[in-house]
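Colleague: Build me a model from this:
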Amino acid sequence: MVTAGTLWSEFSILKSTFKVKENINFDNFHKVRAFFKQNSVNYLPKKSKTLTQEQYIEFFKEADDSEYLMIKVNK
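Modeller: Numbers count the residues shown, from 1 in each chain. Predicted structure coming up:
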């Protein structure tokens, strides 16, 4: 089964590809856009889990430097 999120990503890829390679603008294809909107009515996006500020600070204080030093330095 193809989810609405997947449909939108496929549409975006097609839109970009046609714009670059064939110089076709998908903004004028109203029926195609309506089809994707209709099929995404019940779509609920997944929220990414993020760290709270307290968890972030705790990680930097307690995470082992031998394993996580590069992550700590890059942030």
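
Colleague: Show the pLDDT at residue 21.
Modeller: Note on residue 21: pLDDT of 92.

Colleague: Could you report the neighbour count for it?
Modeller: When neighbours are counted by other Cβ atoms under 10 Å, residue 21 registers 8. Where you see a C-beta, it was placed from the backbone N, CA and C, and this is true even at glycine.

Colleague: which phi and psi does it have?
Modeller: Per-residue torsions, residue 21: phi -90, psi -30 (degrees, to the nearest 10).

Colleague: again with residue 49
Modeller: Backbone torsions of residue 49, given as degrees, to the nearest 10, read phi -80, psi 130.

Colleague: where does it land on pLDDT?
Modeller: On the pLDDT scale, residue 49 is placed at 85.

Colleague: And it, how far from residue 61?
Modeller: With the distance defined as Cβ to Cβ, to the nearest Å, residue 49 ends up 21 Å from residue 61.

Colleague: Same question for residue 28.
Modeller: 55 Å.

Colleague: and if you look at residue 42?
Modeller: Distance, residue 42 to residue 61, by Cβ to Cβ: 43 Å.

Colleague: Can you give me the buried ones in stretch 26-39?
Modeller: Residues of stretch 26-39 include none that count as buried (16 or more other Cβ atoms under 10 Å).

Colleague: Can you give the contact residues for that stretch?
Modeller: Where contact means Cβ atoms under 8 Å, 6 or more residues apart in numbering, the residues beyond stretch 26-39 that reach it are 4, 7-8, 11, 14-15, 18-19.

Colleague: so which of these comes closest to residue 70?
Modeller: Comparing the contacts of stretch 26-39 against residue 70 with Cβ to Cβ places residue 8 closest, at 34.7 Å.

Colleague: Tell me, how many residues neighbour the closest one?
Modeller: 15.

Colleague: pLDDT score assigned to it?
Modeller: 76.

Colleague: Ok, residue 75 next?
Modeller: Residue 75 is given a pLDDT of 62.
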